[in-house]
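A.B. asks: Sequence below, structure please.
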Amino acid sequence: MRDHYDFSNSVKNPYAKKLKKQITIRLDEDTVEYFKELADDKGIPYQSLINLYLRDCAQSHRDLKMQWQ
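C.D. replies: Sure thing, here's the model as predicted:
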């Protein structure tokens, strides 16, 4: 390992603002299974699919309409 590294020509990471934050979330088993099956059909990891869906909801300012029966 070197005693000194030269970072004078380094470039900031352009993706640093888009880093993901790890959280814990509890979802119903049938909800997870739905996204896993959909993710298999699309060929992407199910957690990425859930993230894409939630991001689309947030960007669209989609409002949840709940009706209790």
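
A.B. asks: Give me the pLDDT for Met66.
C.D. replies: For Met66, the model assigns a pLDDT of 87.

A.B. asks: what helix or strand is it on?
C.D. replies: Counting by DSSP states H and E, no helix or strand carries Met66.

A.B. asks: got the contact list for it?
C.D. replies: Listed by Cβ atoms under 8 Å, 6 or more residues apart in numbering, Met66 has no contact partners. In this view, the C-beta of every residue, glycine as well, is placed from N, C-alpha and C.

A.B. asks: right, and the helix or strand after the helix or strand hosting Lys36?
C.D. replies: If you go by DSSP H and E, Lys36 is part of helix 29-42. Downstream of helix 29-42, the first helix or strand assigned by DSSP H and E is helix 46-59.

A.B. asks: counting contacts, what elements does that following helix pack onto?
C.D. replies: helix 29-42 (3 or more Cβ pairs under 8 Å, 6 or more residues apart in numbering; DSSP states H and E).

A.B. asks: Give me the buried positions along the helix it packs on.
C.D. replies: For helix 29-42, a neighbour-count test (16 or more other Cβ atoms under 10 Å) marks Phe35, Ala39 as buried.

A.B. asks: what's the angle between that helix and helix 46-59?
C.D. replies: 100 degrees (axes from the mean of the first three to the mean of the last three Cα atoms, to 10 degrees).

A.B. asks: what does helix 29-42 contact?
C.D. replies: Defining contact as Cβ under 8 Å, 6+ apart, one finds that helix 29-42 is touched by Pro45, Tyr46, Ser48, Leu49, Ile50, Tyr53.

A.B. asks: how about Asp51, what does it touch?
C.D. replies: Just so we're on the same page, residue 51 is Asn rather than Asp. Contacts of Asn51 by Cβ under 8 Å, 6+ apart are Lys20.

A.B. asks: separation between the residue most central in space within the chain and Lys20?
C.D. replies: With the centre of the chain defined as its mean C-alpha position, the nearest residue by Cα atoms, centre = their mean is Asn51, 3.5 Å away. Distance of Asn51 to Lys20, given as Cβ to Cβ, to the nearest Å: 7 Å.
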